[in-house]
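Peer 1: Build me a model from this:
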Amino acid sequence: MRREPDFFGEQDLKLVFVAKKLKESLALEKLLTDAGLDYLVETDKYSGGIIFRSERVGAFFYTAPERENAVREAMQRAGFKPYELG
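Peer 2: Alright, predicted model coming up:
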């Protein structure tokens, strides 16, 4: 379920996905909502492009640490590639 930042309090949320397209963002929101998994989505900037780097805006998906594994597993089953550092 999509939640507001206040729902998570002072928790250090885990970034699980960066959606670069609206269609991708809406599909992930539906997946997580249908699965009953709590998440926060916020827009933020990221760098994109290989030859011509540019700053773009995407939808950043976060979840609480105790739900991170469940969120990542649901995403992988649905064909999403969860965000990984590095």
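Peer 1: And for Leu15, the neighbour number?
Peer 2: By other CB atoms under 10 Å, 15 other residues sit near Leu15. Bear in mind the C-beta positions are built from the backbone N, C-alpha and C, glycine included.
Peer 1: Report the secondary structure element holding it.
Peer 2: strand 14-19 (DSSP states H and E).
Peer 1: same check, this time on Val57
Peer 2: strand 54-63.
Peer 1: Would you mind listing the buried residues in the following helix or strand past that strand?
Peer 2: For strand 54-63, the following helix or strand on the C-terminal side (DSSP H and E) is helix 68-77. For helix 68-77, burial by neighbour count (16 or more other CB atoms under 10 Å) applies to Glu68, Val71, Arg72, Ala74, Met75.
Peer 1: now the angle between strand 14-19 and the longest helix seen in the chain, please.
Peer 2: In the chain, assigned by DSSP state H, the helix with the most residues is helix 22-34. On the basis of axes from the mean of the first three to the mean of the last three CA atoms, to 10 degrees, helix 22-34 is oriented at 140 degrees to strand 14-19.
Peer 1: Quick one: list the elements packing against helix 22-34.
Peer 2: Packing contacts for helix 22-34, counted by 3 or more CB pairs under 8 Å, 6 or more residues apart in numbering; DSSP states H and E, involve strand 14-19, strand 54-63, helix 68-77.
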